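Enquirer: build me a model from this:
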Amino acid sequence: MTNANAEPVSIEDLLYVLTHVFLPPKLPQEDDYDAGHEFALCRFAYNASLDFAPLLPAVQERNWSSVSRMIKMLLKATSVLDKDELVNKILGLRCEDVYTFHIHAQNAALILRRLQDSMVFEVFEVSPPPEAVMTVQGKLICSYPGPAVELPRDVAQDPAFVEQLVSFLMHMDIDRLRGAEATTVKAGSQVPETRGTTHPRYISQLLIMILRGMGKEATVNRITKRIADDVCWHNAEKPWRSRFGLCSV
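Expert: Sure thing, here's the model as predicted:
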């Protein structure tokens, strides 16, 4: 595989990639999240995208370059959460560039797709609810993206707008908000449900409706994917597969 990043790959990183990408029958019975492992997973995806490109016909290889650039941007975003740098990356997007944000605390992903005269904002839920994973026979059938909005380029790449957008996303990346976290009733009181996933409404509804006020509903090409996931029994009650992995691959 192309060595796009000279950092050595540890056995732990390799096992993380294997289990979260291929989802073998025997999974670790605990939450194995680690930021370093997520970075390694994205690096593998980027390297694979580079290796795949020469196998395509010339016309398709040019189109595929947008995918490689998107994963490269995502790779850089995993290690840097500096507001000014993110602002500059969005302002510097070229036509047909795609930038993906994984908004951790909101269980959501936001895709920015730069067009000739506009920017399309696409949102999707990253990790499905545990009940959906446990009750489905076979794999989940998921459609991507969810709601999408198109903004004129002069609005979407206005520095003041981008600064506010990035500030919002950085807060949403870490803030746990009432009304989105799963809850249950115990002893007559409503308490957080640790076995549930966060509803992405603050991104899929609040942010999208704010953007809708400045633009219009976007017409996008949606794809359907068969998503494998699992809910493990011991110390890993939520859907288990890497959320970041689903964003990058």
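Enquirer: now do the buried residues in stretch 104-112.
Expert: Going by neighbour count (16 or more other C-beta atoms under 10 Å), the buried part of stretch 104-112 is 104-112. Any C-beta I mention is one placed from the backbone N, CA and C, and that applies to glycine too.
Enquirer: let me fix that: stretch 152-163
Expert: 156-157, 161-163.
Enquirer: kindly report the same for stretch 201-218.
Expert: Residues of stretch 201-218 classed as buried: 201-204, 206-208, 211-212, 215, 218 (neighbour count, 16+ other C-beta under 10 Å).
Enquirer: do stretch 31-51 as well
Expert: Buried residues in stretch 31-51 (16+ other C-beta under 10 Å): 32, 37-50.
Enquirer: again with stretch 215-228
Expert: Of all the residues in stretch 215-228, those buried under the rule 16+ other C-beta under 10 Å are 215, 218, 220, 227.
Enquirer: pLDDT below threshold where in the chain?
Expert: Scanning the chain for pLDDT under 70 picks out 1-7, 78-81, 179-195, 231-249.
Enquirer: redo that, cut-off 50
Expert: Counting by pLDDT under 50, the ranges of the chain that qualify are 1-5.
Enquirer: quick one: the helices in it?
Expert: Using DSSP state H, the helices found in the chain span residues 11-22, 35-52, 58-79, 83-91, 130-135, 153-156, 159-172, 201, 208-212, 243-248.
Enquirer: so for Glu122, which of these sits nearest?
Expert: Minimum separation from Glu122 across the helices of the chain (C-beta to C-beta) falls at helix 208-212, 9.4 Å.
Enquirer: just give the number of residues close to the nearest residue to Pro54 once chain neighbours are set aside.
Expert: Nearest residue to Pro54, sequence neighbours excluded (C-beta to C-beta, 6 or more residues apart in numbering): Glu61, at 7.1 Å. Each residue near Glu61 was counted by other C-beta atoms under 10 Å, and the total is 14.
Enquirer: any idea how far Glu61 is from Tyr46?
Expert: Per C-beta to C-beta, to the nearest Å, Glu61 is found 16 Å from Tyr46.
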